[in-house]
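Q: Below are the sequence and a predicted model for it; my questions follow.
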Amino acid sequence: MGSYFRPFIGKLRANSTFQSIQRKTVFRIMWWEGFNVKVAVIGTGYVGLVTGTCLAYSGHSVVCVDSSAEKIAILSSGGLPLWEQGLDELLNETIKLGRICFTTDMKSAVQSSDVLIVCVGTPWGPGGEADLDPLWSVVRQVALYCKQGPFLIIKSTVPVGTSDEIEQWLHTVQTKPSIEVIHNPEFLRQGAAVYDFFHPDRIVAGCRTIQARSVITELYKDIAAHVYFCDRRSSELIKYASNAFLAMKISFINMMADFSEHTGARIDVVAAGMGMDRRIGKSFLQAGIGYGGSCFPKDLQALLSMGHKWNCSLPLLESTVSINAQRPQHLVDKLLHALGTLKAKRIALLGLTFKPMTDDLREATSLAVSRLCLQHGADLHAYDPFVRDYPIAEVVLHRDMYEAIDSADAIVILTEWEQLHDLDWQLVSQKLRTRVVIDGRNMFDWDDMQHVADTCHITYISMGRPVIYASTAMKSPDPV
Ligand SMILES: NC(=O)C1=CN([C@@H]2O[C@H](COP(=O)(O)OP(=O)(O)OC[C@H]3O[C@@H](n4cnc5c(N)ncnc54)[C@H](O)[C@@H]3O)[C@@H](O)[C@H]2O)C=CC1
Ligand SMILES: O=C(O)[C@H]1O[C@H](OP(=O)(O)OP(=O)(O)OC[C@H]2O[C@@H](n3ccc(=O)[nH]c3=O)[C@H](O)[C@@H]2O)[C@H](O)[C@@H](O)[C@@H]1O
């Protein structure tokens with residue numbers, strides 16, 4: 001049992017009567033002592049599955065619903081459709097305790113639950129706006145099936161005003177006791193989602209009534225975090241503004257990284273010095289090839305699209321997005337500069353996911369870098385500890401890191417996987433045809449790499465730091 005679950009072990013109450021619910025899509029959830037709230041989590045992706053599992057672990061009775069029969073079949077047979085650190089362990093525990101089950105049957109799930117938590121995706125629409133079709137499809141089903149007046153918690157990231165609009169619509173179509181909509185944004189990070197669920201910096205809840213506040217308090221009673229109650233529109237904007245701020249920090253440091261390249265400063269030294277000021281903070285100042293993933297890119301676009309809708313310009317966000325969009329080209333320019341041409345050059349891409357400790361390739365920077373390299377005629381070989389299937393067929397995947405590196409003209413690091421820290425530089429040097437390493441994530445210590453350059457004759461190129469040339473390594477500029 002992982003150490004971060006320990007505080008909750010004492011709260012587990014085994015119950016043997018709630019068994020075998022995975023077999024059927026139709027079932028009734030029972031309420032007995034030890035199960036606090038009957039919850040239906042709708043949408044079992046990264047957010048929904050983690051939320052459902054963690055709530056079940058906290059003692060609630062959870063049914064997870066998804067429109068994907070494939071996902072539900074995997075979950076019902078004890079498998080996982082996605083990887084998250086610690087999730088399998090926790091899920092097995094909650095299944096054994098009979099606190100969680102999976103279904104595609106919205107009707108039974110809605111009718112047997114007091115609280116419905118919507119975690120469906122809100123992907124990019126054609127104009128950059130959030131596509132709310134999946135969300136509204138859920139809302140329509142809730143209106144159709146709902147017998148009592150449960151609480152509808154929207155955890156998906158939604159444009160400002162969506163929760164108000166949904167509640168108004170539900171009140172117009174419903175003759176039954178009204179459903180109250182709560183907006184409860186999620187701040188978890190992929191790869192650390194289970195940890196983040198139990199240790200959030202804050203829980204935000206946009207509510208209208210005291211009853212809604214009580215539901216939130218009851219749901220998260222095991223979590224020692226401040227619950228920040230506010231109105232729903234502010235709650236919706238808190239989520240977008242938080243992601244936008246973090247993305248802005250990344251683009252800011254990347255802009256400074258480019259400036260460091262012109263001036264001879266070292267961006268890691270600059271970021272460390274900036275981060276010592278508590279008002280700035282150390283986090284999200286890692287320069288590199290920019291942010292990817294399923295949320296920052298789409299949420300920034302959605303926020304810009306909201307700006308257009310409300311006729312309000314958001315210039316800082318426009319710059320954040322455009323700086324980020326240039327990062328892959330900047331990396332490929334370094335590669336072109338180092339090799340002269342990419343035509344028929346074998347390039348080893350190390351790391352493909354949008355960040356380490358996830359299997360997620362959504363908006364991964366590796367996709368843009370791969371496409372640019374292919375346009376220049378490169379022969380791409382890749383290694384990623386998690387990726388077994390890559391959307392760009394021309395990229396040859398290798399199970400072994402050194403196989404990917406073999407006879408390469410350059411290594412390009414795109415994800416700072418822990419495994420890469422163990423690179424045997426002597427072996428790398430023997431395998432490479434041209435000894436060029438481009439570290440798109442600045443994952444290696446610049447001073448250590450001087451030694452590597454000296455001993456293994458590797459030219460080390462990173463982002464916002466001086467190039468270390470093979471054998472004739474430069475001295476680090478004095479940061480003082
Ligand atoms: N992935 C992340 O780290 C975070 C995501 N969010 C937000 O949470 C929401 C969900 O994100 P993810 O979990 O990443 O999405 P996801 O794409 O991994 O999962 C969404 C799930 O909803 C299901 N679904 C779609 N339509 C449905 C319907 N009508 N009925 C039932 N199920 C349906 C899909 O089959 C899928 O399993 C998004 O709004 C996202 O912006 C917020 C914080 C973190
Ligand atoms: O709304 C969401 O989905 C989530 O988005 C991010 O979480 P996540 O996308 O999982 O990943 P992060 O760790 O934030 O990294 C995002 C991207 O930024 C990059 N990054 C991060 C930090 C940094 O200093 N530099 C940098 O380039 C990462 O490599 C990655 O590509 C936020 O951190 C979560 O709080 C939020 O809930």
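A: Cool, the structure landed. Ligands and ions are numbered 1, 2, ... in the order given.
Q: Skipping adjacent residues, who's closest to Leu432 in space?
A: Ala408 (5.7 Å; CB to CB, 6 or more residues apart in numbering). In short, each C-beta sits where N, CA and C put it, glycine included.
Q: Over to Val467?
A: Ile461 (5.1 Å).
Q: tell me which parts of this protein are close to ligand 2?
A: Contact residues (CB under 6 Å from any ligand atom) of the chain with ligand 2: 186-190, 243, 246, 250, 284-286, 288, 290-293, 295-296, 354-355.
Q: re earlier: can you report how many residues lie near the residue nearest to Leu432?
A: Residues lying near Ala408 (other CB atoms under 10 Å) number 24.
Q: give me phi/psi at it?
A: Main-chain torsions, Ala408, degrees, to the nearest 10: phi -80, psi 150.
Q: again, but for the one 3 residues further on
A: Reported as degrees, to the nearest 10, the phi and psi values for Ile411 are phi -100, psi 140.
Q: Give me the pLDDT for it.
A: With respect to pLDDT, Ile411 scores 98.
Q: how near is it to Ile438?
A: 7 Å (CB to CB, to the nearest Å).
Q: Relative to Met256, how far out is the residue in the chain positioned nearest to ligand 2?
A: In the chain, no residue comes nearer to ligand 2 than Cys295, which is 2.8 Å away by CB to the nearest ligand atom. Relative to Met256, Cys295 is positioned 24 Å away (CB to CB).
Q: Same question for Pro150.
A: For Pro150, the distance to Met256 - CB to CB - is 49 Å.
Q: ok, now Leu414?
A: Counting by CB to CB, the gap from Leu414 to Met256 is 21 Å.
Q: just Ser67 next, same as before
A: 44 Å.
Q: Please say which of those two ends up with more neighbours.
A: Each of Ser67 and Met256 has its neighbours counted (other CB under 10 Å); Met256 has more, 19 against 16.
Q: next structured bit after the helix or strand hosting the more buried one?
A: Using DSSP states H and E, Met256 sits in helix 232-263. Using DSSP H and E, the helix or strand that follows helix 232-263 in sequence is helix 267-275.
Q: just checking, what packs against that next one?
A: Packing partners of helix 267-275 (3 or more CB pairs under 8 Å, 6 or more residues apart in numbering; DSSP states H and E): helix 232-263.
Q: Find the nearest non-adjacent residue to the residue of the chain closest to ligand 2, please.
A: Cys295's closest residue in space is Asn243 (CB to CB, 6+ apart), at 6.0 Å.
Q: Near the one you found, how many other residues are there?
A: 23.
Q: so who does it touch?
A: 157, 295-296, 299-300 (CB atoms under 8 Å, 6 or more residues apart in numbering).
Q: Save those residues as JSON lines, and put in neighbour count too.
A: Below are the contacts of Asn243 laid out as JSON lines (neighbours: other CB atoms under 10 Å):
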{"residue": "Thr157", "neighbour count": "21"}
{"residue": "Cys295", "neighbour count": "24"}
{"residue": "Phe296", "neighbour count": "23"}
{"residue": "Asp299", "neighbour count": "23"}
{"residue": "Leu300", "neighbour count": "24"}
